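**Q** pasted the sequence and its predicted model underneath.
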Amino acid sequence: MAENVKIVYEGKTYEFPIIVGSEGEKGIDISKLRQITGLITLDPGYANTGSCTSSITFMDGEKGILRYRGIPVEQLAEHSSFIETAYLLINGRLPTREELDHVSALFNDNSLVHEDMQIFYQNFPRGSHPMGILSSMVNALRSFYPELQTIEEEINITVIRLLSKVRTMAAMSYRISRGHKVVYPRPDLKYCANFLNMMFDTPVKPYQVDDILEKALNVFWILHADHEQNCSTSAVRLVGSGRVNLYAAISAGIAALWGPLHGGANQAVIEMLTDIQKDGGNYMRAVARAKDKKDPFRLMGFGHRVYKAYDPRARIMKKMCHRILDKLSFDDPLLDLAKELEEVALKDDYFIDHNLYPNVDFYSGIVLRAMGIPTNMFTVMFAIGRFPGWIAQWKECSDDPNWRLGRPRQIYIGPEKKQYIPIDQR
Ligand code: SDX
């Protein structure tokens, strides 16, 4: 039986339908609220507001559940590859062997970046943050690939270009920032191995792709591939709703992800752990600061708007830290520090009362350090992983014939009407 809610306002009773999701989530459909009552809702940060219905990703923050198109992320991390997971998110089902081989061939055909783009990289000031460079370069792709005639063909080739070229562009920004020659993608290497090779191959010492690192990178990007309506995905949807091209919408997502409260947290975690290490490993001082309301310091990599339990991605990332560091006999003191910090925080009443657990960013930086990725590239690594999710979410909108321009309302609290005063009378 359809449920509804009643709002009594100024002596009148209004009814609004309850929408129920396939996992039992419920929401009040207020799409006609203003038209019927003249009222709007107010929800800063949208903590209580659903922007859409979606079939892509399911999260249960209380139970620490994350599934892509119904498949638990733990199973995908164990058995899938990043490209297969990207296919699942974007197309709604796992690919056949032939389909996967065809996509890999398309990636090879589209992995190069126009040579003129190298001039752009060379003209960014030294020390420019790779996220600012990536956002600019993705936006610039539109200039090199003008719109095709048929929208279907346009979307398909744009998706392939974005997923394939983002690796090349990220590796290029790293190589050029160090004054090294650009390494081109190789058709004989798979997606993740190709990226690592483009980053680290040198004429002096050819790069040998280590299987454990290749697997770790697949898992890292699978864990970051989508996360329902987070800040950067909402940016992609909102910017896309103006019917701008997909390159520009993804560029907006990159910019939104850059912030330290969102995707920038993985870089902020390593910087925080490094500061604690310099402070003689005094992680108790960091915990005390995180609890001090007068101190703006927050424990980076802890807390989440949705997860009020352990982030399932953090659990997998933590296991991967051990696997990589053991295999490479790489001893990272920051991992020991992170584990001690986690142990203390999870027993502390403040963190327990506030439901603050490690999120995906808490251990991911240690995995990236083990791969040799520089800290200022950590958020770029998050962005590459999130490309399939941003594209899938944008495509879900684009496929919706009722896709409306996103335009929230407000409650005005500024000055009442007043007259203009000429400058010589002020
Ligand atoms: C990602 O949305 C997604 O899905 C994002 C993401 C994805 O995959 O796309 O999962 C990726 O962005 C993970 C989050 C990475 N960010 C960080 O690790 C930065 C540190 N964490 C926080 O700043 C914070 O936890 C947020 C931003 C992640 C969530 O903040 P909320 O939901 O807006 O909660 P809030 O800021 O209102 O805090 C609620 C309370 C406050 O205390 P009170 O004033 O209620 O007493 O919890 C406290 C906060 O002070 N709190 C923290 C804290 N996080 C929240 N206190 C200390 N350290 C922290 N990290």
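**A** Great, that's in hand. For clarity, every value in this text was computed on a predicted model and none was experimentally measured.

**Q** contacts and neighbour counts: CA atoms only from here.
**A** Noted.

**Q** wait, what's in contact with the closest residue to P312 other than its chain neighbours?
**A** Using CA to CA, 6 or more residues apart in numbering and skipping the chain neighbours, the partner closest in space to P312 is G64 (5.7 Å). Neighbour list for G64: 307-312 [criterion: CA atoms under 8 Å, 6 or more residues apart in numbering].

**Q** top of those residues by neighbour count?
**A** Taking other CA atoms under 10 Å as the neighbour criterion, D311 ranks highest of those with 26 neighbours.

**Q** the nearest residue to that one once chain neighbours are set aside: neighbour count?
**A** Closest residue to D311 apart from its sequence neighbours, by CA to CA, 6+ apart: N359 at 5.1 Å. The local packing count at N359 equals 24, with neighbours defined by other CA under 10 Å.

**Q** with the one 3 residues further on instead?
**A** Taking other CA under 10 Å as the criterion, the count of residues near F362 is 30.

**Q** tell me which element L66 is part of?
**A** Using DSSP states H and E, L66 maps to strand 65-68.

**Q** rewinding a little: show me what contacts the residue nearest to D311?
**A** N359 sits in contact with 301-304, 310-311, 313-314, where contact means CA under 8 Å, 6+ apart.

**Q** before we move on, the earlier item: let me know the closest of the contacts of G64 to P130.
**A** D311 (26.7 Å; CA to CA).

**Q** separation between the closest residue to the ligand within the stretch 101-250 of the chain and T375?
**A** Nearest residue of the stretch 101-250 of the chain to the ligand (CA to the nearest ligand atom) works out as N230 at 3.9 Å. Separation of N230 from T375 (CA to CA, to the nearest Å): 23 Å.

**Q** L246 too?
**A** According to CA to CA, L246 and T375 sit 28 Å apart.

**Q** so between these two, which is more surrounded?
**A** Legend: neighbour count by other CA under 10 Å for L246 and T375, higher for L246 (25 against 18).

**Q** circling back to that earlier point, and the next element down the chain from the strand holding L66?
**A** Sequence-wise, the next helix or strand downstream of strand 65-68 (DSSP H and E) is strand 71-72.

**Q** which neighbours in the sheet does that following strand have, and how are they oriented?
**A** With DSSP bridges as the test, strand 71-72 is paired with strand 65-68 (antiparallel).

**Q** which residues sit against the partner strand?
**A** 56-60, 72-73, 88-89, 226, 312.

**Q** which among those end up buried?
**A** Among the contacts of strand 65-68, those classed as buried by 16 or more other CA atoms under 10 Å are 56-59, 72-73, 88-89, 226, 312.

**Q** and those residues, which is closest to the ligand?
**A** Nearest to the ligand among the buried ones among the contacts of strand 65-68, with distances taken as CA to the nearest ligand atom, is D226, at 6.6 Å.

**Q** isn't that closest one right next to F58, touching?
**A** No: D226 lies out of contact with F58 (CA atoms under 8 Å); the separation is 9.8 Å.

**Q** run the chain-centre distance for stretch 157-167.
**A** 17 Å (CA atoms, centre = their mean, to the nearest Å).

**Q** quick one: mean pLDDT over that stretch.
**A** The average of the pLDDT scores along stretch 157-167 is 96.

**Q** and the longest strand seen in the chain, what other elements does it pack with?
**A** Criterion DSSP state E: the longest strand present in the chain is strand 12-20. With contacts defined as 3 or more CA pairs under 8 Å, 6 or more residues apart in numbering; DSSP states H and E, strand 12-20 has these neighbours: strand 4-9, strand 26-28.

**Q** G263: neighbouring residues, count only.
**A** G263: 26 surrounding residues under other CA under 10 Å.

**Q** list phi and psi for the nearest residue to it once chain neighbours are set aside.
**A** For G263, ignoring the flanking residues on the chain, the nearest one in space by CA to CA, 6+ apart is L257 at 4.7 Å. Dihedral pair for L257: phi -70, psi -20, per degrees, to the nearest 10.

**Q** same check on K318?
**A** Dihedral angles (degrees, to the nearest 10) for K318: phi -60, psi -40.

**Q** from what I can see it touches Y363, true?
**A** Yes: in this structure, K318 is within contact of Y363 by CA under 8 Å, at 5.7 Å.

**Q** may I see the buried residues of stretch 293-305?
**A** Buried residues in stretch 293-305 (16+ other CA under 10 Å): 298-304.

**Q** what does stretch 266-275 give?
**A** Residues 266-270, 272-273 are the ones in stretch 266-275 that count as buried (16+ other CA under 10 Å).

**Q** again, but for stretch 168-177
**A** Per 16+ other CA under 10 Å, stretch 168-177 contains these buried residues: 168-175, 177.

**Q** so for these, which is the shakiest by pLDDT?
**A** Among the buried residues of stretch 168-177, S177 carries the weakest pLDDT, at 91.

**Q** ok, now which ones touch that residue?
**A** 126-127.

**Q** check P312 too.
**A** 64-66, 74, 360.

**Q** which two among the contacts of G64 are spaced furthest apart?
**A** Going by CA to CA, the pair spanning the contacts of G64 furthest: K308 and P312, at 11.1 Å.

**Q** write out the residues of this structure neighbouring the ligand.
**A** Residues of the chain lying near the ligand by CA under 6 Å from any ligand atom: 227, 230-231, 261-263, 265, 290-291, 298-305, 354, 359.

**Q** ok, now with 5 Å
**A** By CA under 5 Å from any ligand atom, the residues of the chain that approach the ligand are 227, 230, 261-263, 265, 290, 298-305.

**Q** what is the nearest of these to I324?
**A** G301 (20.1 Å).

**Q** secondary structure element holding the residue lying closest to the closest one once chain neighbours are set aside?
**A** Among residues not flanking G301 along the chain, F362 sits closest, at 4.1 Å (CA to CA, 6+ apart). Taking DSSP H and E as the criterion, F362 maps to helix 360-371.

**Q** now the following helix or strand past that helix: mean pLDDT?
**A** Sequence-wise, the next helix or strand downstream of helix 360-371 (DSSP H and E) is helix 378-398. For helix 378-398, mean pLDDT is 98.

**Q** who does helix 378-398 touch, helix- and strand-wise?
**A** Applying 3+ CA pairs under 8 Å, 6+ apart, we find helix 378-398 packed against helix 82-91, helix 130-144, helix 151-177, helix 211-223, helix 231-240, helix 246-257, helix 265-278.

**Q** S81 contacts A216, doesn't it?
**A** No: judged on CA under 8 Å, S81 makes no contact with A216 at a distance of 10.3 Å.

**Q** of these two, who's got more company?
**A** With neighbours defined as other CA under 10 Å, S81 and A216 compare such that A216 has more, 22 against 19.

**Q** can you put the contacts of strand 65-68 in JSON lines and add pLDDT?
**A** Formatted as JSON lines, the contacts of strand 65-68 follow (pLDDT from 0 to 100):
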{"residue": "I56", "pLDDT": "98"}
{"residue": "T57", "pLDDT": "98"}
{"residue": "F58", "pLDDT": "98"}
{"residue": "M59", "pLDDT": "97"}
{"residue": "D60", "pLDDT": "97"}
{"residue": "P72", "pLDDT": "98"}
{"residue": "V73", "pLDDT": "98"}
{"residue": "L88", "pLDDT": "98"}
{"residue": "L89", "pLDDT": "98"}
{"residue": "D226", "pLDDT": "98"}
{"residue": "P312", "pLDDT": "96"}
